[in-house]
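[1] turn this into a model:
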Amino acid sequence: MHLISLLKAPSAIAAALVLFSQDAAAHEAWLLTPSEVEALSRAPMPALFTSTFAMVAAAILGAVAALVALAAEDHYAPVEQRLTHRLCALAGRIGPVAIRIGLALMLALGAVGGLPRAGVALWSTPVLFVPDMQLALVPGWGWLGAAALITAVLLALGAATRIAAVGVLVLSGLGIVAFGTPFLSYAPHFAAPALMLLATGPGALAVDNLSELTRATALTERQRQGIWYLAMALVGGTFVYLGIAFKLLQPTLLIAILQHGQFPTFGLPIAIIALVMTGVEIVAGLLLALGRLVRPVAIFLIGAFTFFAVMLGETPLFHANLYGTALMLLMAGARAPRIITARQSRIGAAATAAE
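    Residues are numbered from 1 along each chain as shown. Okay, the predicted model is just below:
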């Protein structure tokens, strides 16, 4: 796979997926009832989002902000390297654990009905990955819940981690088959951390580390980095797609969420707040997809998820997979961390205990 082609992929993927955009899906469907979503999808768009001048001005401002940020990254790269040296050293041990826990939580809770959408009783409706992908809506696919639960247990234990990661990839693909194109809004954000686990292995606190057999891998360093870049492209490209398809093209959904959560507007029209948030999501997604400003974007994602969880009164578990992914990106940056072998993991644990 050529790196140039890989870097071009996110924009092409986002543009293609917009063509499949149906009635509302994505995160807004978790916090709104189906009737609210349907009504808002038919509501007229705010004038700001239909104004050519406003859209062009927003695009120019976003481009300028991105260029300034890129210039700052180049200038302060040596400072970032000094500040994050210890994080990089820990990334191979701690980062995979964060990803495993994040994926395991969402897969397991979803499988037993612990992540219901608005208007659905807790523990009553199993889902695949996210609240609005209810398995009861796709007859014959209920077994995906059991498969997700088994995969979650393996991930939590760090047992057969790479096989479990492949299981997440398979479940992502089967979700698209079962639920159709709406599942494309979610699958990449689960496939990406699974790919990261393929590139890094289980990290610390894993059953796999009890055996030296798990240190063997068929992946070359070049392949590992290629997988890492693909994972970043999937995470960032999906944010771009979500920003375009479900915020830029259907802003009434985001505005309803902000109003439900009594989001502070600081005296500005709610439509302007929604447009700014949309632009930030798209720009951040593009930067991450290109492997630029990875750590600042990771910090932004963690902060944004936490802020919205507090403001909207939603559980942070809705984004557990992305919390784990963002923490890994914060630690490792734009390159895959080195693989921690079973022996190295035991030495590290012994050294920590000795301290």
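[2] quick one, phi psi at residue 115?
    Main-chain torsions, residue 115, degrees, to the nearest 10: phi -130, psi 70.
[3] Provide a list of residues in contact with it.
    106, 109, 127, 130-131, 315, 317-318 (Cβ atoms under 8 Å, 6 or more residues apart in numbering). (C-beta placed from N, C-alpha, C; glycine too.)
[4] also residue 235?
    Shown in contact with residue 235 (Cβ under 8 Å, 6+ apart): 188-189, 192, 285, 288-289, 322, 325, 329.
[5] 6 Å instead, please
    Residue 235 makes contact with 192, 288, according to Cβ atoms under 6 Å, 6 or more residues apart in numbering.
[6] can I get the contacts of residue 115 in CSV with distance to residue 153, secondary structure and neighbour count?
    Formatted as CSV, these follow (distance: Cβ to Cβ, whole Å; DSSP: H, G, I helix; E, B strand; the rest coil; neighbours: other Cβ atoms under 10 Å):
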residue, distance to residue 153, secondary structure, neighbour count
106, 13, helix, 28
109, 13, helix, 22
127, 18, strand, 27
130, 19, coil, 26
131, 21, coil, 21
315, 21, coil, 13
317, 17, helix, 16
318, 21, helix, 22
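[7] ok, those residues vs residue 211, which is closest?
    Using Cβ to Cβ, residue 106 comes nearest to residue 211 of these, at 27.2 Å.
[8] tell me what the helix or strand residue 86 falls within is packed against?
    Residue 86 belongs to helix 85-111 when assigned by DSSP states H and E. On a contact count with 3 or more Cβ pairs under 6 Å, 6 or more residues apart in numbering; DSSP states H and E, helix 85-111 meets helix 143-157, helix 187-200, helix 320-332.
[9] how about it: buried residues?
    Buried positions in helix 85-111, judged by neighbour count with 16 or more other Cβ atoms under 10 Å: 87-88, 90-111.
[10] next up, phi/psi of residue 134, please.
    The phi/psi pair for residue 134 (degrees, to the nearest 10) is phi -80, psi 130.
[11] oh, that last question was meant for residue 158, not what I typed.
    Reported as degrees, to the nearest 10, the phi and psi values for residue 158 are phi 70, psi 40.
[12] hang on, it packs against residue 210?
    No: if you go by Cβ atoms under 6 Å, residue 158 and residue 210 don't touch, sitting 9.5 Å apart.
[13] tell me which of these two has more neighbours.
    Of the pair residue 158 and residue 210, residue 158 is the one with more neighbours under other Cβ atoms under 10 Å, namely 26 against 13.
[14] residues in contact with that one?
    202, 206-208.
[15] can we see that at 7 Å?
    Going by Cβ atoms under 7 Å, 6 or more residues apart in numbering, residue 158 touches 100, 202, 205-208.
[16] tell me the buried residues within those.
    100, 202, 205-206, 208.
[17] looking at the residues you listed, which one is closest to residue 311?
    Relative to residue 311, the closest of those is residue 100; by Cβ to Cβ it sits at 28.4 Å.
[18] what score does that closest one have for pLDDT?
    pLDDT for residue 100: 98.
[19] please apply the same query to residue 37.
    In this prediction residue 37 is given a pLDDT of 74.
[20] element containing it?
    Using DSSP H and E, the element containing residue 37 is helix 34-42.
[21] the next helix or strand after that helix packs against which elements?
    Next helix or strand after helix 34-42 toward the C-terminus (DSSP H and E): helix 47-50. Judged by 3 or more Cβ pairs under 7 Å, 6 or more residues apart in numbering; DSSP states H and E, the packing partners of helix 47-50 are helix 270-289.
[22] just want the angle from the helix it packs on to helix 320-332.
    50 degrees (axes from the mean of the first three to the mean of the last three Cα atoms, to 10 degrees).
[23] what's in contact with the very next helix or strand once past helix 270-289?
    Once the chain leaves helix 270-289, the next helix or strand it forms, by DSSP H and E, is helix 294-312. For helix 294-312, the external contacting residues (Cβ under 7 Å, 6+ apart) are 31, 80, 84, 257, 261, 263, 284, 287-288, 315-316, 319, 322-323, 326, 329-330, 333-334.
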